[in-house]
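> Model the structure of this input:
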Amino acid sequence: MEPTLARKMWRTLEPFHGFIYFSKDAVAEYAALGLEGRAGYFASRAAPMGAVTAPTVTATFFNFDPGLVEASMAGAWDAASPAEVHAARLRAVDTGLRRMLGDEVLGSDELVEALDLARVATEGCRPEGRPLHAALAAMPEPDATHLQLWLAISVVREYRGDGHLAALLGEGVDALTALHLHAASGEVPGDLLKLTRGWGDEQWDEAGAAMVDRGLLDADGGFTAEGAALRQRVEDATDRMALAPWRHLGQEGSDRLRELVRPWSKAILASGGFALR
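Numbers count the residues shown, from 1 in each chain. Below you'll find the model as predicted:
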């Protein structure tokens, strides 16, 4: 089984998980708990770990400015408990999937089949060094089948994400360097990455200049050969470390899961408000 399968699985499954980060339903649910702005995002993703501190969120989310995390998390657990925040997140997932996919899809045999396959994949994940994955994997299953599928896909998604951080650290890449590498790939504009992760212009520019000095970026912020090679090593290592659930599921099962989820992910993308990050 080639490690590139892990990347194919991620690209197909990501919209089914990731729409929650761009969901107006989620914003409303978090606001009803007293979590405004970025607080909802940070608290909802961190909630399975319990009432963790802002530095723990910074460590596990990796590429956000610590000041943004600190300001966003201030008083979050006083406003709502982790259990309440997680429940609000699931309500937003439920509302969003019902609207974007419809009751016919959510009540289909295909959805049940996808859940069975995704559950097998999660059984291939081990928790060592995977804090966001391990915390989410320990959460109780919701009652509805489509929420169970969302949770299973989210568990393997966080498994990959935790491995990605290990790959970055193994190459000596810090938060701002990682963002500049992402920007140089052309997948997401640098200005958007800087804005959404809360970094200031001075911090961003200093990090970029340091990467030019190291020979990783050219003067226009594009890759040098050395920078492109570094990025590729990180991505290859991420794929290798994300392969375990798909190896456990097997090639046939993995291909079938992609086949089942692909049209649902396309429908979610077509609904607007989502961008693969």
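
> Alpha carbons only: can I get stretch 8-16 in CSV?
What follows is stretch 8-16, C-alpha atoms only, in CSV (Å, rounded to 0.1, in the frame of the first residue of the first chain):
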residue,chain,number,x,y,z
LYS,A,8,-6.1,10.7,-1.3
MET,A,9,-8.2,9.6,1.7
TRP,A,10,-7.6,13.0,3.4
ARG,A,11,-8.5,15.0,0.4
THR,A,12,-11.7,13.1,-0.2
LEU,A,13,-12.8,13.0,3.5
GLU,A,14,-11.7,16.4,4.6
PRO,A,15,-14.8,18.4,3.5
PHE,A,16,-17.1,16.0,5.5
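
> Nearest residue to residue 216 in space, ignoring adjacent ones along the chain?
Sequence neighbours aside, residue 227 is the residue nearest to residue 216 in space, at 3.6 Å (criterion: Cβ to Cβ, 6 or more residues apart in numbering). For the C-beta atoms, the positions are set from N, CA and C on the backbone; glycine is no exception.

> One more: residue 199?
Leaving aside its chain neighbours, residue 199 sits nearest to residue 65 (4.9 Å; criterion: Cβ to Cβ, 6+ apart).

> Please apply the same query to residue 237.
Distance criterion Cβ to Cβ, 6+ apart; nearest residue to residue 237, sequence neighbours excluded, is residue 167 at 3.8 Å.

> picking up where we left off before, the residue nearest to residue 216 and residue 172, how far apart?
Going from residue 227 to residue 172 by Cβ to Cβ, to the nearest Å gives 13 Å.

> which of the two has more neighbours?
Set side by side, residue 227 and residue 172 show more neighbours around residue 227, with 23 against 8, by other Cβ atoms under 10 Å.

> Work out for me the element the more buried one sits within.
Assessed by DSSP states H and E, residue 227 sits inside helix 225-241.

> Quick one: list the elements packing against the very next helix or strand once past that helix.
Going down the chain from helix 225-241, the next helix or strand is helix 244-249, by DSSP H and E. Counting by 3 or more Cβ pairs under 8 Å, 6 or more residues apart in numbering; DSSP states H and E, the packing neighbours recorded for helix 244-249 are helix 4-18, helix 109-122, helix 145-170.

> Pull out the CA atoms of the second one and give them to me as CSV.
Translated: helix 109-122. Extracted in CSV, the C-alpha atoms of helix 109-122 (Å, rounded to 0.1, in the frame of the first residue of the first chain):
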residue,chain,number,x,y,z
ASP,A,109,-27.7,2.3,3.4
GLU,A,110,-24.6,3.9,1.8
LEU,A,111,-24.1,6.1,4.9
VAL,A,112,-24.3,3.0,7.2
GLU,A,113,-21.8,1.3,5.0
ALA,A,114,-19.5,4.3,5.1
LEU,A,115,-19.7,4.3,8.9
ASP,A,116,-18.8,0.6,9.1
LEU,A,117,-15.7,1.2,7.0
ALA,A,118,-14.7,4.3,8.8
ARG,A,119,-15.0,2.6,12.2
VAL,A,120,-12.6,-0.2,11.0
ALA,A,121,-10.2,2.5,9.9
THR,A,122,-10.2,4.1,13.4
